[in-house]
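J.: Only the shape, not the letters, is given here:
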Ligand SMILES: Nc1ncnc2c1ncn2[C@@H]1O[C@H](COP(=O)(O)OP(=O)(O)OP(=O)(O)O)[C@@H](O)[C@H]1O
């Protein structure tokens with residue numbers, strides 16, 4: 001079952017820089033929660049603090065009632081939280097299919113050595129996982145490029161491979177860090193379709209960090225707005241788009257959203 005992620009008065013400092021200031025957000029099971037904010041607002045810092053990359057300076061995070069604060073990134077993944085990165089972390093020399101298969105391996109319970117040797121149960125598990133990878137490649141529109149080296153693909157496709165690899169962990173919550181950045185209109189349309197599919201299927205809830213505010217408004221149930229490390233509001237896309245504080249947060253920055261209104 002998908003779980004509730006509770007971020008409670010989270011603070012994060014880098015020396016004198018305050019990246020997050022008393023941020024409190026509840027991500028409800030099954031919802032798509034968008035997180036927007038101007039450059040440097042603290043969006044990536046929030047994901048990094050939740051996933052154990054950076055230990056928070058104050059506050060706490062819990063998932064399904066289990067405290068996550070102070071745990072390693074690996075043990076946080078084991079609770080059901082998977083993520084993608086703002087800058088791709090793929091194995092460029094491996095094929096798309098192999099990259100996605102790598103995402104399944106933490107679920108095997110034994111090392112890559114046994115998997116590579118294909119001994120006993122490892123061989124059976126490997127066969128099962130290979131069967132799980134194909135539907136993911138279909139869902140992410142990657143079947144046609146499955147045998148190609150991941151590093152040879154256009155950036156937008158690489159981003160989808162990273163998403164497929166995160167989904168191969170069978171997460172109950174998926175955190176996406178700027179999945180549309182630097183991608184084409186076609187990639188954007190595919191992303192909208194995939195997020196809506198996950199929402200309808202209910203297999204995992206989604207937290208979406210994005211600069212493309214129109215996209216966030218289109219797919220999110222609720223939207224949280226960060227500004228200078230503070231969460232200034234969490235509400236429906238319609239309410240957020242009409243809020244004067246949100247418009248003010250974006251005024252005076254270069255990347256003023258193209259469209260704050262939800263798409264039809
Ligand atoms: N590793 C780090 N060391 C020092 N300062 C950092 C580090 N990571 C982030 N910061 C600072 O924390 C603040 C928030 O940065 P963060 O990357 O979380 O913002 P963001 O909203 O994700 O920005 P962007 O949309 O540009 O990616 C910024 O002032 C940034 O310079």
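T.: Structure received. Source: prediction; values computed, not measured.
J.: CA atoms for contacts and neighbours, from now on please.
T.: Noted.
J.: The closest residue to the ligand within the stretch 51-200 of the chain in helix, strand or coil?
T.: Using CA to the nearest ligand atom, residue 86 is the residue of the stretch 51-200 of the chain that sits closest to the ligand, at 7.7 Å. Per DSSP: H, G, I helix; E, B strand; the rest coil, the secondary structure class of residue 86 is coil.
J.: Likewise for residue 11?
T.: Taking three-state DSSP, the label given to residue 11 is strand.
J.: Share the number of residues neighbouring it, please.
T.: Neighbourhood size, residue 11 [other CA atoms under 10 Å]: 23.
J.: hang on, the earlier thing: isn't the residue of the stretch 51-200 of the chain closest to the ligand right next to residue 177, touching?
T.: Yes - taking CA atoms under 8 Å as the definition, residue 86 is a contact partner of residue 177 at 5.0 Å.
J.: more neighbours, the two?
T.: residue 177 (22 against 16).
J.: so after the host helix or strand of residue 22, what's the next helix or strand?
T.: For residue 22, the host element (DSSP states H and E) is strand 17-27. Next in sequence after strand 17-27, counting helices and strands by DSSP H and E, comes strand 32-36.
J.: what are the ranges of the strands in this structure?
T.: 5-14, 17-27, 32-36, 58-63, 66-67, 81-83, 173-177, 205-209, 222-227, 230-235 (DSSP state E).
J.: Any idea how far stretch 226-236 is from the middle of the chain?
T.: 18 Å (CA atoms, centre = their mean, to the nearest Å).
J.: what does stretch 99-107 give?
T.: Worked out by CA atoms, centre = their mean, stretch 99-107 lies 17 Å from the chain centre.
J.: buried set for that stretch?
T.: 99, 100, 101, 102, 103, 104, 105 (16 or more other CA atoms under 10 Å).
J.: sorry, back to before: between residue 86 and residue 177, which contacts overlap?
T.: Common contacts of residue 86 and residue 177, defined by CA atoms under 8 Å, 6 or more residues apart in numbering, comprise residue 44.
J.: ok now do the residue of the stretch 51-200 of the chain closest to the ligand, which residues does it touch?
T.: Counted by CA under 8 Å, 6+ apart, residue 86 has contacts 44, 177, 178, 179.
J.: if you set the cut-off to 6 Å instead, what comes out?
T.: 177, 178 (CA atoms under 6 Å, 6 or more residues apart in numbering).
J.: Quick check on it: phi, psi?
T.: Note on residue 86: backbone dihedrals following degrees, to the nearest 10 are phi -60, psi -40.
J.: gap between it and residue 227?
T.: 19 Å (CA to CA, to the nearest Å).
J.: Any regions of the chain where pLDDT drops low?
T.: 1-2, 106-127, 251-264 (pLDDT under 70).
J.: Might you enumerate the residues of it proximal to the ligand?
T.: Within the chain, the positions near the ligand by CA under 6 Å from any ligand atom are 14, 19, 39, 40, 41, 42, 43, 44, 45.
J.: from memory the fifth one sits against residue 228, does it?
T.: In other words, residue 41. Yes - using CA atoms under 6 Å, residue 41 is in contact with residue 228, at 4.6 Å.
J.: Quickly list the domain ranges of this protein.
T.: Listed by automatic domain parsing, the domain ranges of the chain are 1-80+171-264, 91-155.
J.: Could you give the separation of the longest one from the chain centroid?
T.: I take that to be domain 1-80+171-264. That offset, for domain 1-80+171-264, works out to 8 Å (CA atoms, centre = their mean).
J.: can you check stretch 155-173 too?
T.: On CA atoms, centre = their mean, the centre of stretch 155-173 falls 9 Å from that of its chain.
J.: contacts for it?
T.: Residues contacting stretch 155-173 (CA under 6 Å, 6+ apart): 2, 80, 81, 82, 100, 103, 104, 183, 187, 204, 205, 206.
J.: Ok, stretch 222-234 next?
T.: By CA under 6 Å, 6+ apart, stretch 222-234 touches 19-21, 23, 33-37, 41-42, 235-237.
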